[in-house]
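**Q** Predicted model and sequence follow; I will ask about them next.
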Amino acid sequence: MTYFFITSLLKIVGILFVVILPMVSYSVYAERRVSAFIQDRQGPNRVGPAGLFQPIADMFKLLLKEDFTPRNVNTFYYWLAPCLAVMPAIITIAVVPFGSTLFGVPMVIADINVGILYVFAIASLGVYGIVLAGWASNSKYPFLGGVRSSSQMISYELSLGLAVIPIFLLVGSLRLTSVVRYQIEHGWFIAPFIGDWMNPWKWLLAIPMVLSFVVFAIAIFAETNRLPFDLPEAEQELAGGYNTEYSSMKFALFFLGEYAAMITGSAIMVTLFFGGWHLPLPSWHGGFHWALVDGSAPGWRGVIGGLFNIATFFAKVAVVIFVFMWVRWTLPRFRYDQLMRLGWLFFFEIALVNIFIVAGIIAFLPS
Amino acid sequence: MAVTVQRPKLNWRERMYLPAIAAGLAITIKHFKNMLFGRTKVTMQYPEEKWDSSLPDHYRGAPALVRDEEGRVRCVACQLCEFICPPRAIKIIPGEIPSTDRFAKVEKYPEEFDIDMIRCIFCGMCEEVCPEQAIFLRKDYAITGFTRADMVHHKEKLLEIGGVMHGVVLKWNEKK
């Protein structure tokens, strides 16, 4: 019991302070660099080598600014909103398996059997932060941002949930570690090369999987308030949207929440569709096959394997985050009636039909 | 009068929207790649790269006093530049050259010569008007200071910027 407590605490501290928070601050830096490169600019390159200390300078700036609370706001909710914006994104990461095992300890903070339900339940709470901020600010533009945020949520949430059902039809469990286990045995959901990959049934199954991946990815873009669906923020129309009245560290918390949500969203996406921490290495010992590297091997090989898995996971997350940024600096913003139309008239139907297709294939699948 | 703008007819491919998104993504990643591999020309990175070497000869930077080949300050404190200066940036206090001096015929020399660089508009009229070719606009353009007093260039500073210029010296030359 004590052992479990201590390892859990170590994992929480490690994942939060060593990985997630630095990743958040560096994804802000990366966002600025990527956007600059896409627009043929240099981006921040002054602080430290290639501007790598920019996040530290930003942090000092935000901490040292005056923490101003306007007079006409609803103070309680005004202070509560930034916490609500950042908290869900960070606690969602608890159920995501970010590695196999290290020294025999499974690299997931809470391996609960309702994994994905927990993710959806908590991640949707992020909207409360935005709506409360919009309402408590007692100002026009933040209010519009908050309203848009709620209208946006009801349009993507449904297809987000429906898009992942095919996965759980196949896996037979909501536990995220089982999803990764399944993908290790049968290949990643969008690229099932492992196992009996010559089987045509499996490739037939890959088509609805790609469809559900597209729907899921688009819904995640809306969930994390990223362009092309950053309606609550919409700098150009709403002067910053829900965070207009915020300054200093409270504003930084919204920022942190947005990027933490992006990291969590990418982590979920990687776990569900890209095999989580799994990276098959080609091996020629006794004929070609994909070798599995994980932390189960004895001695230092196990430690190396476990660290390799963790590195693999976060490398995949970084790639997905890059795609988030790439899309952001490519596409213009949707109107929110367009988003609702998209959510209710297309993705909802596609996701629903997709479930039936997958169910049908599974029913006729020769096992 | 209200005008109804006909919306363009889109074919199914355009209505699907995804090909357009893919095309857009392809364009942005191309820019990203070109930038990453240094194939894109970007703005000069100012403090590291400077344009000093490519400044043209007629560049009008900070005005400065010059010395001639023999190290004499060419200025004879005629105050024409002070008179012509549109923003009145130049202030000269002339001193008299004693009659026993070798250059007594020059009569005056600048005891103090101040150019207020906050006022200076780099018009170059001082250079144009100077009968002794004593004041020139050099290529210094980054003139900074912490106070207003810092921004006033005194005679020493002006001579330091100016350096040595070759040319016809009129009054200081003994033959004339």
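**A** Right, received. Where do you want to start?
**Q** Can you report how many residues lie near residue 5?
**A** Went with chain A since none was named. Neighbourhood size, A:F5 [other CB atoms under 10 Å in any protein chain shown]: 9. Every residue, glycine included, has its C-beta placed from N, CA and C.
**Q** let's do chain B instead
**A** B:V5 has 5 neighbouring residues, counting by other CB under 10 Å.
**Q** Can you give the contact residues for stretch A:59-66?
**A** For stretch A:59-66, contacts defined as CB atoms under 8 Å, 6 or more residues apart in numbering or on different chains pick out A:S25, A:S247, A:S248, A:M249, A:F251, A:A252.
**Q** Now list the buried members of those residues.
**A** The neighbour-count criterion (16 or more other CB atoms under 10 Å in any protein chain shown) marks A:S25, A:S247, A:M249, A:F251, A:A252 among the contacts of stretch A:59-66 as buried.
**Q** Contact partners for the nearest residue to the first one once chain neighbours are set aside?
**A** Residue nearest to A:S25 in three dimensions, not counting chain neighbours: A:P55, with 3.7 Å by CB to CB, 6 or more residues apart in numbering or on different chains. Taking CB under 8 Å, 6+ apart as the contact definition, A:P55 lies against A:S25, A:Y26, A:V28, A:Y29.
**Q** now do B:I135
**A** B:P63, B:A64, B:L65, B:V66, B:C75, B:C81, B:C126, B:E127, B:G162 are the contacts of B:I135 under CB under 8 Å, 6+ apart.
**Q** redo that, cut-off 6 Å
**A** B:P63, B:L65, B:C81, B:C126, B:E127 (CB atoms under 6 Å, 6 or more residues apart in numbering or on different chains).
**Q** Next step: those restricted to strands.
**A** B:P63, B:L65 (DSSP state E).
**Q** In the contacts of B:I135, find the pair that's most separated.
**A** Of all pairs drawn from the contacts of B:I135, the one with the longest distance (CB to CB) is B:L65 and B:E127, at 11.0 Å.
**Q** Compare these two (neighbour count), which wins?
**A** The neighbour count for B:L65 versus B:E127, taken as other CB under 10 Å, is higher for B:L65 (26 against 17).
**Q** is it true that the more buried one touches B:G163?
**A** No. Proximity of B:L65 to B:G163 does not meet the contact threshold set by CB atoms under 6 Å, at 9.7 Å.
**Q** if we take the contacts of stretch A:59-66, which one ends up nearest to A:T69?
**A** Distance to A:T69 across these (CB to CB) is lowest for A:S247, with 8.9 Å.
**Q** was I right about that closest one contacting A:V73?
**A** No. Using CB under 6 Å, A:S247 is not in contact with A:V73, being 11.9 Å away.
**Q** ok, how many other residues are close to the closest residue to B:E111 other than its chain neighbours?
**A** Closest residue to B:E111 apart from its sequence neighbours, by CB to CB, 6+ apart: B:G95 at 3.5 Å. Applying other CB under 10 Å, we find 12 residues neighbouring B:G95.
**Q** next one: B:Q133
**A** A total of 17 residues lie near B:Q133 under the criterion other CB under 10 Å.
**Q** Ok, A:D230 next?
**A** A:D230: 21 neighbours (other CB under 10 Å).
**Q** Backbone torsions only: list them for it.
**A** A:D230 adopts backbone torsions of phi -90, psi 50, taken as degrees, to the nearest 10.
**Q** Quick check: nearest residue in space to it, chain neighbours excluded?
**A** A:R333 (6.4 Å).
**Q** Next one: the one you found relative to chain B, how far apart?
**A** As judged by CB to the nearest CB, to the nearest Å, A:R333 and chain B stand 13 Å apart.
**Q** now do A:V96
**A** According to CB to the nearest CB, A:V96 stands 27 Å off from chain B.
**Q** List the contacts of that residue.
**A** A:V96 makes contact with A:A267, A:T271, according to CB under 6 Å, 6+ apart.
**Q** where does it land on pLDDT?
**A** Model confidence at A:V96, given as pLDDT, is 86.
**Q** for the one 5 residues further on, same thing?
**A** We have a pLDDT of 74 for A:T101.
**Q** Show me where the stretch 101-250 of chain A has its strands.
**A** A:101-102, A:105-106 (DSSP state E, counting those that start in this stretch).
**Q** Of those, which is nearest chain B?
**A** Among the strands of the stretch 101-250 of chain A, strand A:101-102 comes nearest to chain B, with 33.7 Å by CB to the nearest CB.
**Q** Mind listing the strands that closest one pairs with, and their directions?
**A** Its sheet considered, strand A:101-102 pairs with strand A:105-106 (antiparallel) by DSSP bridges.
**Q** For the strand it pairs with, which outside residues touch it?
**A** Outside of strand A:105-106, the residues within contact range by CB under 6 Å, 6+ apart are A:T7.
**Q** Over to residue 71. Which of the three states is it?
**A** No chain was given, so I picked chain A. Following DSSP: H, G, I helix; E, B strand; the rest coil, we place A:R71 in the coil state.
**Q** From A:S137, how far off is it?
**A** 12 Å (CB to CB, to the nearest Å).
**Q** The two: which has the busier surroundings?
**A** It is A:S137, of A:R71 and A:S137, that has more neighbours when counted by other CB under 10 Å, with 25 against 6.
**Q** show me the contacts for that one.
**A** Contacts here follow CB under 6 Å, 6+ apart; on that basis A:S137 touches A:V73, A:E245.
**Q** ok, now how distant is it from chain B?
**A** Distance, A:S137 to chain B, by CB to the nearest CB: 34 Å.
**Q** And the spatially most central residue of chain B, its phi and psi?
**A** The centroid of chain B falls nearest to B:G61 when counting by CA atoms, centre = their mean (2.5 Å). The phi and psi torsions at B:G61 (degrees, to the nearest 10) take the values phi -100, psi -140.
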